[in-house]
Every structure is written in structure tokens, then in C-alpha cells.
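**Student:** I'd like to go over a predicted model; first the sequence, then the structure.
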Amino acid sequence: MTERGNGITAAIRASDGPALCGYVTAGFPDLGSFSTILEAVAAAADVVEVGVPFTDPMADGLTIQKASHVALENGVTLDWILELLEGLDLDAPVLLMGYYNPFLAYGLDRLGESLSKANVSGVIVPDLPLEESGELRDRLARSGLAIVQLVTPTTPPDRLRAIAGASSGFVYAVTTTGVTGGNVHFADSDLEYLGRVRDASELPVLAGFGIRDRSQVEDLAPYVDGVVIGSALIDSIESGTDPGDFLAGLRLTGAPA
Amino acid sequence: MTTTTASPIELLIEGGPPPNGRFGPYGGRFAPETLTSILDRLEEKTEHLFADAEFMTALEAELADFVGRPTPLTPAPALGSRWGAEVYLKREDLCHTGAHKINNAIGQALIARELGVERIVAETGAGQHGVATAAASARVGLPCTIFMGAIDARRQRPNLERMRLLGAEVILVEAGDQTLRAAIDEAFRAWVADPAGTYYLLGSVVGPHPYPWLVRQLQAVIGREARRQTISAAGDLPDVAVACVGGGSNAIGLFHGFIADSDVELLGIEAGGGGRPGESHSATLGAGTTGVLHGAMSALLQDEHGQILETHSIAPGLDYPGVGPEHALLRDLGRATYESVTDDEAIDALNECGSQEGILPALESSHALAGARRWAGSHPGGRIVVGLSGRGDKDLQIINGEVPHD
């Protein structure tokens, strides 16, 4: 088990009620205001995901596509993100969420060391399923970093156990088929699936994709250890809402763990 | 069963799914987890169907009766005398819907029907794959939705209309670069939203495993016919087989017929765009670096940060920043070589073929003709098979300068 990965697990376990993981696209809406946004999100969330923009974000809906496009127009690179993070002292552990190609182009050889130096605890790579993730996992493990694996409602039971076993930090349970940013109504079968993920996993389970409001968090609370808020947080930033306030509105305390 | 001692070329000749979905270091399955079980099922089903006599008989019947195969191998004596070579054209332009794309589309549509899906989705660049998919979907009785970049739709208006007349719903993609690459992104998203009910009919030898293999198997009919026809017409194999390479499906289809014939040179021609230094182009294998896009590791046009570059070619079907992983392996092994020709060279070749042979090739295929002419210049008397992947009727607006090609 990884040192920094353990830090993520501990931060989730320490949450009173479902943990909140807030996603923000790096350098969105502009380079100048991003660090203030990031600090506010880190103060309100238990874990922070910083999105590394990519030109072809296949697993993302319109909100994150647009934010990624804006970030790239603003000149955001992985180097810029790492330099910024190195200079910040955030209240929550940070994961980088990004597609594989920018990490590959950066160089897997030096990635682990660079992430550690920037106080990053691990990565989530949505286009890197278990079979393709071995090389990255080995490199990151040497630096004590987590690689969070995703499971989905289409993942068969034996595969679910294998992925949960290979993940570190937490297990990311995608609530639904589809891309990020939809507005999901959770059916009984979805909740049952989340229960199966938790049964298969020793790590905490966070649900993500399509979670936008407090009632959804209430529905999910008995079945998961936390939730990932992405597109809804980007939307709130775009509409001028304080991201800390928005996340605070989703915070349940005293809910059954 | 493949053995660990088989060489990379021997594995390709065998024709089975590549081990772990890899062509050497290339290929693989870099796709969201939602698709893993769907892609597993597709591989399993396809392998089963390709070994099923009843399915293969049905596929061959569609290739004959619907597509119009075998397509001719036309001797081109006028080009031959101008180039100082013996030239044959493999006439995929005579396929139903006007290009080789239908070989793949009808095969995958039949697979989709066997899988019991509710609808087909596909991307299209030049519109040729979209038209082929619309026709094939109608033929097998499945509704289909085609995603097309808004820029491509403007420059390929006739194909947009054809897709609609063939019963397809066409969705114009305003996001991203508004060309083939953005259309692939959107088709992927539609598929991820309903993976069990939707069949993604990918148009080239790209994408996550098993697509590069599955599409190659369906296009290999081009090379099988061309090999037999060349021997029949000339009494021997060609010295070189030449095809244009965007994603690379017609080239893989042609090359595959000759892959075991180590004396037959395989030459892929990429789009060099305007051809001036620093200008954008689509010469992925010549100028690209290794990376991951649209589910596979292959050669890519990308910047130092791993962001995908905008590409350019006068031929919309070649205007793509990636290429099939099998081509990247063939390049590394030295089994195939890849060169590029410019927009102007392609236009010259189009005019030459039209006026001298009475055959109007697509702009994409014109790249292959220009590359073949160059090859002939250094191989006097050589015997050349050129993959004429499609017909040029769709390109009249571009050729006449009525629509911008970038």
C-alpha cells in the first residue's frame, strides 16, 4: 500500500458523513483565479481532483469538454499545474485526473518524482482500464502514489474484485453508463450495484458521474463512502457561485457511514 | 492457437485477433471501463462469426450482391506508358456507395445484427464511411445515427444529403475541431451512454481492440482479390502495392493480400498537405510520435505536451491525426514504407488519371496515384498495383475551389 495513497484513504475515512471529492479543471476559468478556486475547494472538500486538460476528452460531457478547451486556450500544461501545486499548501490531498496521453508525453520515468514534488497523492486516468494500467501503476508505486481505478455498472463481478484489488486511495464507482455531467436519478439497481462495489472492496468507495445536488448525496449516502462532484462544481464556478459554498451545501453530517 | 515463437509478421499472416490486442507495442485498449465488457463481447462474437460457415456465406453474398464484388483490376496502359511502368488499378471506386468503406460497413452491420443491438452509430469524415454505414444499416434493417464534423459537412454536402436519403439521422458536431476527430469523440460518447443497445461501427483500422483487427479482416478482401487478379492478368505478383493512408483501412486491406509475399513492396502514401515546412499536414507515420488516441497506442500528430494537433489535407478522408496501429508496426518492421505527397501532387494525379484513363479518383486515392508515379520514377518497368479506394465525384466542390478545404 502506498504512503500518499494511504493519505487519501485516511482523509475519506475521517469524514463525518459521505466524503466529498471536488473536481476542478486546472487553469479554468483563467490562470489568475484558479489557485483561489483550488484553495476554496480544498478547504471544503476531503479530496481534490485537479483535471489535466486534454484535446480529446472522450469520457467527458459538454461541461468538462468546454472547461478543458478553455484551459488549453489559456496555455495550461502539466508543467504549469505541477509548478502551481508545489507552491500551494492545500487542506486536502490532491489527485490529478487526466487522459493517458499527456502523462505519456510528459514521460512515465519522471512522472512519479514530479508528482511527489508537487504534493500530488495519485492519479485517475479514465482511458486506462486495468489491463493497460500496469506500467503506470509500477512507476507511481515507486514514489508511493495511488492510481485510482474506475468500475462501472457494466463491470462483471469477478472483474470488479480484480479492479478493487488493484486500486489504491479509493475505488471510483461510476454511477451510470455515459459521460460525465448528466443528471442522474438513481434507480434501485444503481444503488444495489454500488453496494456490490463496496462489498468487493477494502478501500472506501466514491460514487461519481452525474451527482449535482444534495438529495442525490442523501440517496447515495448509505451505499458509498463519498461522492465525486465534477461538472456541477465547474458549472457553479462558471455561474460565479463560491465553490466552497457550493460544496458545503452538499455536506451531510451524521449520515450513516 | 498462436505460439510465442511466431514472428510479428507470422502473427499478422495468421489473421487471428492479435495477442492482448497488440500489434507489437501498438494497439491495445485504452478505453473507458464502461466499454471493456462490450469490447470483450465484440471480440468473442466476431471471432466466432468469422469461423461460422453460415455467417461467412451470408457476408460473401452481401459482398457480391449488394457491394458488387469482386471489383475489377483495371490495367492502366496510358498511365503505364507515361510513368514507364506496368500499372493496375484496384477499383474500389466501383463498390456500391463509391468507396472501399462499404466492405467494412456491411460486415460490421451484419455483426451488429447478430449481437442484437437496437441501433448503429458511426463517425464520418469525408462522408464516405457515413454513406456506407447508412446504406449497410438500411440493408440489415437497423436504425443508424452518423456524427459528422460541421466543417466536413460543409465541404462534403452531397454526402450529407445521401446519408439522409439512406435513412440515417446525421448529427453535426460543432465541438472540437469540427472534423473527423471531433466526430469520433462524439460517436464514442453516444456509444458509452448506451453500450449494450448501441453498436459503434468504426470506419477505419483504428480505435480500441478488437476494431483494428476486425476492420482489417473485413477489408482484406481487397488484397485477396488484387493478388489473384494480378497473377491472372500479368502472370506474376506485382513489385509494389500502393495505397493512401489516413486511418489506413484501404491500405491495410490491400497490403494484407501481399503480406506473406516478402518480394512485394508495400508503400503507404500519407497526406503532406501544402507541403511547405512548418505547415500542418496529416503525415502521421512519417512525422508523428507514439501516443494514445481514440483507444489505441499508435503514431500520432501531437505536441510536446501530448495534445493532439490540428491536421490538414485537401482530402478529407486523410485529415486525421492518428493511424491504425498495424501500420505503425509494419513501419517499424520495415515491411511497409510510408511517404507523403502534397495537395498539389494529388490534384495533378487526379487530373492525369481522369484525362488519361477515363477514371476520376477520389482525392484520397489520388495521393496513392501520385505516390505510385514517384515510385515508378525510380523503378523503371516495375509492376504496380494502386489501391483506387474511391471515386472523385464527391470532391468536385473542393477541386473546383467552391468550398475551402481547411
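**Tutor:** That came in fine, so what should we check first?
**Student:** For chain B, what's its nearest residue on the stretch 51-200 of chain A.
**Tutor:** Distances between the stretch 51-200 of chain A and chain B by C-beta to the nearest C-beta are smallest at residue A:105, namely 2.9 Å. For the C-beta atoms, the positions are set from N, CA and C on the backbone; glycine is no exception.
**Student:** residues touching that residue, list them.
**Tutor:** Contacts for residue A:105 (C-beta atoms under 8 Å, 6 or more residues apart in numbering or on different chains) come out as B:291, B:302, B:304-306.
**Student:** Just the residues you listed: which are in helices?
**Tutor:** Judged by DSSP state H, helices contain none of those.
**Student:** same for chain A: which of these are within range?
**Tutor:** The overlap between the contacts of residue A:105 and the neighbours of chain A (C-beta under 8 Å from any C-beta of the partner chain) comes to B:291, B:302, B:304-306.
**Student:** from those residues, which would you call buried?
**Tutor:** Buried subset of those (neighbour count, 16 or more other C-beta atoms under 10 Å in any protein chain shown): B:291, B:302, B:305-306.
**Student:** What is the burial count for the residue nearest to residue A:120 when sequence neighbours are not counted?
**Tutor:** Among residues not flanking residue A:120 along the chain, residue A:94 sits closest, at 5.2 Å (C-beta to C-beta, 6 or more residues apart in numbering or on different chains). By other C-beta atoms under 10 Å in any protein chain shown, the residues close to residue A:94 number 22.
**Student:** one step back: widest-spaced pair of the buried ones among the ones next to chain A among the contacts of residue A:105?
**Tutor:** The most widely separated members of these, counting by C-beta to C-beta, are B:291 and B:305 (10.9 Å).
**Student:** where in the chain is pLDDT low?
**Tutor:** Let's take chain A. Residue ranges of chain A with pLDDT under 70: A:1-2, A:183, A:254-257.
**Student:** wait, I meant chain B there
**Tutor:** Within chain B, the stretches with pLDDT under 70 are B:1-5, B:403-406.
**Student:** so who does residue B:280 touch?
**Tutor:** Taking C-beta under 8 Å, 6+ apart, one finds B:273, B:309-312 in contact with residue B:280.
**Student:** Quick check: residues of the stretch 51-200 of chain B near chain A?
**Tutor:** Listed as neighbours of chain A in the stretch 51-200 of chain B under the rule C-beta under 8 Å from any C-beta: B:175-176, B:181, B:185, B:188-189, B:192-196.
**Student:** Quick check: of those, which lies closest to residue B:279?
**Tutor:** For these, the nearest to residue B:279 is residue B:181 (18.4 Å; C-beta to C-beta).
**Student:** Would you mind confirming that the closest one is in contact with residue B:147?
**Tutor:** No. Assessed by C-beta atoms under 8 Å, residue B:181 is found out of contact with residue B:147, at 11.1 Å.
**Student:** before we move on, the earlier item: sort out which of the residues of the stretch 51-200 of chain B next to chain A are in helices and list them.
**Tutor:** Judged by DSSP H, these include B:181, B:185, B:188-189, B:192-193 as members of helices.
**Student:** Helices of the stretch 151-257 of chain A, start to end?
**Tutor:** A:157-166, A:188-200, A:214-220, A:231-238, A:243-248 (DSSP state H, counting those that start in this stretch).
**Student:** Now tabulate these in a markdown table and tack on mean neighbour count and distance to chain B.
**Tutor:** What follows is the helices of the stretch 151-257 of chain A, written out as a markdown table (neighbours: other C-beta atoms under 10 Å in any protein chain shown; distance: least, C-beta to the nearest C-beta, whole Å):
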| stretch | mean neighbour count | distance to chain B |
| --- | --- | --- |
| helix A:157-166 | 16 | 7 |
| helix A:188-200 | 17 | 12 |
| helix A:214-220 | 17 | 19 |
| helix A:231-238 | 21 | 14 |
| helix A:243-248 | 18 | 25 |
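**Student:** No more questions from me, cheers.
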